[in-house]
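Engineer: compute the structure for the input listed below.
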Amino acid sequence: MILDKLFEKKDILAYIDLRMRVLANEKKKAAKAPNVSRREIATRQIQGRILELRYLKNSIQRLKDKSKEEWERCAKEKLL
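Structural biologist: Numbers count the residues shown, from 1 in each chain. Presented below is the predicted three-dimensional model:
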């Protein structure tokens, strides 16, 4: 899987952004499908994937903030 090959946070975030753009294009195509029931299902599935990616992206960004806080806490303890 491609995520196994991404090591840095910026690489993962770039992949997530790209994937969200691709899904947005797929969502537009699915909205034009002639079968109404299939169109609704496909649109909901794609929207769910986009929401999952947004959640993942936010989690990664929060992890960075928590890492900085932990580093600062450790640095303060060493100084004291």
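Engineer: in three-state terms, label the residue nearest to the spatial centre of the chain for me.
Structural biologist: Using Cα atoms, centre = their mean, the residue of the chain that lies closest to the mean C-alpha position is residue 53, 2.9 Å off. Secondary structure assignment for residue 53 (DSSP: H, G, I helix; E, B strand; the rest coil): helix.
Engineer: contact partners for residue 54?
Structural biologist: residue 20 (Cβ atoms under 8 Å, 6 or more residues apart in numbering). The way it works is simple: take the backbone N, C-alpha and C, and place the C-beta from them, glycine included.
Engineer: now swap in residue 46 and tell me
Structural biologist: By Cβ under 8 Å, 6+ apart, residue 46 lies in contact with 23, 26-27, 30.
Engineer: let me know the closest of these to residue 71.
Structural biologist: Comparing the contacts of residue 46 against residue 71 with Cβ to Cβ places residue 23 closest, at 34.4 Å.
Engineer: does that closest one touch residue 49 like I think?
Structural biologist: Yes: Residue 23 is within contact range of residue 49, at 5.6 Å (criterion: Cβ atoms under 8 Å).
Engineer: what about residue 14, how many neighbours?
Structural biologist: Applying other Cβ atoms under 10 Å, we find 12 residues neighbouring residue 14.
Engineer: how about the CA coordinates for whichever helix or strand it is part of, as CSV?
Structural biologist: If you go by DSSP states H and E, residue 14 is part of helix 9-31. What follows is helix 9-31, C-alpha atoms only, in CSV (Å, rounded to 0.1, in the frame of the first residue of the first chain):
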residue,chain,number,x,y,z
LYS,A,9,4.1,13.8,7.9
LYS,A,10,4.2,16.2,5.0
ASP,A,11,4.2,13.2,2.5
ILE,A,12,1.2,11.7,4.2
LEU,A,13,-0.7,15.1,4.3
ALA,A,14,0.1,15.6,0.6
TYR,A,15,-1.2,12.2,-0.2
ILE,A,16,-4.4,12.8,1.7
ASP,A,17,-4.9,16.1,-0.1
LEU,A,18,-4.4,14.5,-3.5
ARG,A,19,-6.8,11.6,-2.6
MET,A,20,-9.5,14.1,-1.4
ARG,A,21,-9.2,15.9,-4.7
VAL,A,22,-9.5,12.7,-6.7
LEU,A,23,-12.6,11.7,-4.6
ALA,A,24,-14.2,15.1,-5.2
ASN,A,25,-13.9,14.5,-8.9
GLU,A,26,-15.3,11.0,-8.6
LYS,A,27,-18.2,12.5,-6.6
LYS,A,28,-19.0,14.9,-9.4
LYS,A,29,-19.0,12.0,-11.9
ALA,A,30,-21.2,9.9,-9.6
ALA,A,31,-23.7,12.7,-9.3
